[in-house]
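1. just to be clear, the model below is a prediction. Sequence and coordinates:
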Amino acid sequence: MQGALRRHVTKMERKELDTVIAARKQADLDAQNAYNAELEALLEKGKAARIPRIAFI
């Protein structure tokens with residue numbers, strides 16, 4: 001009976017660990033997507049700002 005109980009506990013611990021790992025991966029993915037979106041916005045802003053601020057005569 002001890003063996004069955006230990007296997008059940010181990011299975012539950014692994015399931016919990018898998019959940020934690022999946023949440024961390026999703027958080028990393030969300031952070032990467034936010035970074036990429038911010039980078040794209042900065043690049044677009046830089047492209048739009050290529051017009052000289054001072055008029056050359």
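-> Great, that's in hand. Numbering: from 1, shown residues only.
2. how about the helices in this structure?
-> Along the chain, the stretches classed as helices by DSSP state H are 2-48.
3. where does it dip in pLDDT?
-> Low-confidence regions of the chain, defined by pLDDT under 70, span residues 49-53, 55-57.
4. swap in 90 and give it another go.
-> When residues are selected by pLDDT under 90, those of the chain lie in 1-2, 44-57.
5. what's near enough to touch I54?
-> Contacts for I54 were tallied using C-beta atoms under 8 Å, 6 or more residues apart in numbering; there are none. C-beta: built from backbone N, CA, C; applies to glycine.
6. any idea how far it lies from A48?
-> With the distance defined as C-beta to C-beta, to the nearest Å, I54 ends up 17 Å from A48.
7. same deal with A22?
-> According to C-beta to C-beta, A22 and A48 sit 39 Å apart.
8. swap in N36?
-> 19 Å.
9. can you check D18 too?
-> D18 is 45 Å from A48, by C-beta to C-beta.
10. tell me how many other residues surround L5.
-> Using other C-beta atoms under 10 Å, the number of residues around L5 comes to 9.
11. let me fix that, I meant to ask about K47.
-> 8.
12. can you check H8 too?
-> 10.
13. also K15?
-> 9.
14. over to A41?
-> So A41, with other C-beta under 10 Å, has 10 neighbours.
15. and for R24?
-> 10.
16. any idea how far it is from A31?
-> Distance from R24 to A31, by C-beta to C-beta: 11 Å.
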